[in-house]
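Enquirer: coords below, sequence missing:
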C-alpha cells in the first residue's frame, strides 16, 4: 500500500509558454484532490536546491500565486533577497499550505547539505 506520495516541484521558465509554473500548479491539484476526496495518503513536497537553478537562475523558480489558495503564494519569497530567500520562502509557503491542506506532512530539499555553508552555493541558504 502507498501511504506517502512524494511530489517534486521545480518550475522553470519555458520559452513561448503561457504558464511556466506547471509543477506547482499540479502539486496544488493533487493537494486539492486528496483533501477534497479524503484520500488516505500523505503528501511530501520535494524541492531541488538553488544550486540546481543553473547559471541564469531560470530553473526551480519560486511559484507564482495560485488562485486556489487564500494567500499570495509568490508573496512568501522576498524579491530583494532573490535566491538567498529560496529555502525561507518555501518554508513560509509550505507552512501556509500545510494549514490549508492537512495531507501535506513533510518536505525535503534535495542536496541541501552542500548548499549550506559560508562559501559557494552555501550562500543560497543561511539558517
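Expert: Done, it's in. Note that the structure is a prediction, hence the values are computed from the model and not measured.

Enquirer: In this structure, where is pLDDT below threshold?
Expert: The chain contains residues with pLDDT under 70 at 1, 11-21, 50-60, 82-85, 111-127.

Enquirer: ranges for the helices of it?
Expert: For the chain, the helices defined by DSSP state H cover 22-36, 86-100.

Enquirer: Can you add mean neighbour count and give the ones you listed back as TSV?
Expert: Every C-beta, even on glycine, is put in place using the N, C-alpha and C of the backbone. Below are these laid out as TSV (neighbours: other C-beta atoms under 10 Å):
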stretch	mean neighbour count
helix 22-36	17
helix 86-100	18
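
Enquirer: Could you export those as CSV, including distance to residue 73?
Expert: Below are these laid out as CSV (distance: least, C-beta to C-beta, whole Å):
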stretch, distance to residue 73
helix 22-36, 8
helix 86-100, 6
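
Enquirer: isn't residue 86 right next to residue 48, touching?
Expert: No - assessed by C-beta atoms under 8 Å, residue 86 is found out of contact with residue 48, at 10.0 Å.
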